[in-house]
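Asks: Generate a structure from the sequence data that follows.
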Amino acid sequence: MHIAVSGNIGSGKTTLTTMLAKHYNWEPQFEDVEDNPYLDDFYREMQRWSFNLQIYFLNSRFRQVNEIHQSGKNVIQDRTIYEDAHIFAPNLHAMGLMPTRDFENYLSLFDLMENFIAPPDLLIYLRASIPTLVDQIQKRGRDYENNIRLDYLSRLNERYEAWISNYDKGKLLVINVDENKFAINPEHLGDIISRIDAETNGLF
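Replies: Below you'll find the model as predicted:
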């Protein structure tokens, strides 16, 4: 079974992925952040490195999805391939940070790749307001995230909401992390687990 956790930067994807993997004994698959050779450059000079970064993520996540389905294991994945194509790349293009020819090249490649992958059995979306995102980004203290602008986060949030409102690839569970503090409240985590059990009943 393939579970995926989606959400904006700082919404708590990695934390929830880790906690659920431990609870269910699922194998976690994390976003390639620490070893990503483009992130530092991207946050310093977005227009120069936007295409490179998105291609790197697309390649990384396509490989990850293939490995998930070949493994035959129950896997929980931190962020999906769909978020790059429906949120991050279009946002960069709309902000003038990715040229149209690069964006069209990127979408053409994604459209081809999508024919070869299956969506997750359950998608968990972490919905968070900008103040919550900023607070959590500051708490984790990643140097390359110091330059993230509020308008950038806001635009991403708008695109996430639009994507989720039209998501039809499988089961969907929406968690409001302004209210659900699963990272520090065991009862809140328990509520998420109960909802996952209800959604995945019959998927195993």
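Asks: check contacts around the closest residue to Gln29 other than its chain neighbours.
Replies: Nearest residue to Gln29, sequence neighbours excluded (C-beta to C-beta, 6 or more residues apart in numbering): Gln77, at 4.5 Å. In this view, the C-beta of every residue, glycine as well, is placed from N, C-alpha and C. Residues near Gln77 by C-beta atoms under 8 Å, 6 or more residues apart in numbering: 2-5, 17, 28-29, 64-65, 68, 120.
Asks: List phi and psi for Lys13.
Replies: With angles defined as degrees, to the nearest 10, Lys13 sits at phi -60, psi -50.
Asks: residues contacting the residue nearest in space to the middle of the chain?
Replies: Nearest to the geometric centre of the chain sits Arg79, at 2.7 Å (C-alpha atoms, centre = their mean). Contact analysis of Arg79 by C-beta under 8 Å, 6+ apart lists 4-7, 13, 31, 61.
Asks: Return the closest of the contacts of Gln77 with respect to Leu109.
Replies: Nearest to Leu109 among these: Val65, at 14.5 Å, using C-beta to C-beta.
Asks: My guess is the closest one contacts Ile117. True?
Replies: Yes. Proximity of Val65 to Ile117 meets the contact threshold set by C-beta atoms under 8 Å, at 4.8 Å.
Asks: Common neighbours of the two, please.
Replies: The contact lists of Val65 and Ile117 share Ile81, where a contact means C-beta under 8 Å, 6+ apart.
Asks: So for these two, which residue has more residues nearby?
Replies: More neighbours surround Val65 than the other of Val65 and Ile117, with 23 against 16 (other C-beta atoms under 10 Å).
Asks: Count the residues that sit near Gly10.
Replies: 23.
Asks: now Gln70
Replies: Neighbours of Gln70 (other C-beta under 10 Å): 8.
Asks: Ramachandran coordinates for it?
Replies: phi -80, psi -20.
Asks: cool, and Ile175?
Replies: phi -120, psi 130.
Asks: For it, give the beta-bridge partners.
Replies: Leu126 (DSSP bridges).
Asks: give the contact list for it.
Replies: Ile175 touches 16, 124-127, 182, 192, counting by C-beta under 8 Å, 6+ apart.
Asks: Can you add neighbour count, pLDDT and distance to Gln138 and give those residues back as JSON lines?
Replies: Converted to JSON lines, the contacts of Ile175 look like this (neighbours: other C-beta atoms under 10 Å; pLDDT from 0 to 100; distance: C-beta to C-beta, whole Å):
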{"residue": "Leu16", "neighbour count": "23", "pLDDT": "97", "distance to Gln138": "19"}
{"residue": "Ile124", "neighbour count": "24", "pLDDT": "98", "distance to Gln138": "24"}
{"residue": "Tyr125", "neighbour count": "23", "pLDDT": "98", "distance to Gln138": "23"}
{"residue": "Leu126", "neighbour count": "25", "pLDDT": "97", "distance to Gln138": "17"}
{"residue": "Arg127", "neighbour count": "20", "pLDDT": "97", "distance to Gln138": "19"}
{"residue": "Phe182", "neighbour count": "21", "pLDDT": "94", "distance to Gln138": "19"}
{"residue": "Ile192", "neighbour count": "19", "pLDDT": "96", "distance to Gln138": "24"}
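Asks: Much appreciated, bye for now.
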